[in-house]
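*Asks:* below: sequence and its predicted model.
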Amino acid sequence: MRLLVATAVPPERDAVARAFGASGTPEETALPGVVLLRTPGADVLAAGVGPAAAASATSAALTAARLAGNPYDLVVSAGIGGGFAERAPLGAVVVADRIVAADLGAETPDGFVPVTGLGFGTDVHLPPAALVGAAREAGLLPGAVLTVSTVTGSAARAAELLARHPSAVAEAMEGFGVAEAAAAHGVPVLEVRAVSNAIGPRDRDAWRIPAALTALTSAFVRLAPAEAGSPFALARARLVP
Ligand SMILES: O=C(O)c1cccc(C(=O)CC[C@H]2O[C@@H](n3cnc4c(=O)[nH]cnc43)[C@H](O)[C@@H]2O)c1
């Protein structure tokens, strides 16, 4: 199973790498357009914050692997995220059954129109149901995960997003970019987010980042061991003939 995990910042990257047995300072490999941390179970990258950086670095990694004759089987967008209150509490880990570009579109006098309503592209990617099911069995909470370029900072904006996406459990800033890159390469995608903060009025002091990073490591320990019966291995058996 060749697994690529795309995070935003180095603490998230290292939290994922720990689950794959990386300790100390794992070796970094610089490729054109991306730096990879190679661990025994996955290649992990820190792309920077936002969907553009995520898409760029993920695409660079996918291209390099394909050209080397060793393509990835699965790409996972991972990190911390905001959780919608009463759905995804602090410390919960969610898995996206829909990866949604929640603010890609146009504002009109009648409200937000998604990019698809303008006649362009797509605004949602669907991770394979088998993989979402395997993650649910491993204790992750499934639901739509919204990709936003601006962190939600008010109750009104949180309510607006929930009205448009009733199944949303969380928001973050990279998933859709990672998913666009994966789709362009024909590779399945998943998004995993550990909830560090509640979505709503901004209160940075209330973010629980260390606890979320610990929960992220623990979720990957459950998802990704090398044994044949692990969720990722089972998913690979279902996804890759
Ligand atoms: O300061 C630190 O130690 C630290 C460690 C790990 C991560 C961070 C970040 O600031 C990560 C930014 C990253 O987090 C996602 N995120 C988290 N909460 C939200 C949210 O409520 N709305 C949108 N995105 C959120 C996002 O994907 C950022 O890239 C700091």
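*Replies:* Perfect, thanks for sending it. Numbers count the residues shown, from 1 in each chain.
*Asks:* can you pull the pLDDT of the residue nearest the centre of the chain?
*Replies:* Nearest to the mean C-alpha position of the chain, by C-alpha atoms, centre = their mean, lies Ser77 at 2.7 Å. The per-residue pLDDT reported for Ser77 equals 98.
*Asks:* then Ala228?
*Replies:* On pLDDT, Ala228 comes in at 55.
*Asks:* how about the residue in this protein that sits furthest from its center?
*Replies:* Relative to the mean C-alpha coordinate of the chain, counting by C-alpha atoms, centre = their mean, the farthest residue is Pro109 (32.1 Å).
*Asks:* please, where are all the strands along this structure?
*Replies:* 3-7, 28-31, 34-38, 43-46, 74-83, 93-101, 105-108, 111-114, 124-125, 141-147, 168-172, 189-198 (DSSP state E).
*Asks:* how about the residue nearest to the centre of the chain, nearest residue that isn't a chain neighbour?
*Replies:* Val178 (3.8 Å; C-beta to C-beta, 6 or more residues apart in numbering). (Glycine included, C-beta is placed from N, CA and C.)
*Asks:* please apply the same query to Val34.
*Replies:* Per C-beta to C-beta, 6+ apart, closest to Val34 is Ala60, 4.0 Å.
*Asks:* quick check: residues of this protein near the ligand?
*Replies:* For the chain, the contact set with the ligand under C-beta under 6 Å from any ligand atom comprises 8-9, 11-12, 49, 79-82, 148, 151-152, 171-174, 196-197, 199, 209.
*Asks:* give me the buried entries from those residues.
*Replies:* 8, 11-12, 49, 79-82, 148, 151-152, 171-174, 196-197, 199 (16 or more other C-beta atoms under 10 Å).
*Asks:* which ones are touching the residue nearest to Ser77?
*Replies:* Val178 sits next to 6, 54-55, 58, 75, 77, 189, 191 when contact means C-beta atoms under 8 Å, 6 or more residues apart in numbering.
*Asks:* so who does the closest residue to Ala211 other than its chain neighbours touch?
*Replies:* Spatial nearest neighbour of Ala211, chain neighbours left out: Gly91 (5.5 Å); criterion: C-beta to C-beta, 6+ apart. Residues in contact with Gly91 (C-beta under 8 Å, 6+ apart) are 194-195, 208, 211-212, 215.
*Asks:* switch to 7 Å and redo it
*Replies:* 195, 211-212, 215 (C-beta atoms under 7 Å, 6 or more residues apart in numbering).
*Asks:* great, nothing more from me.
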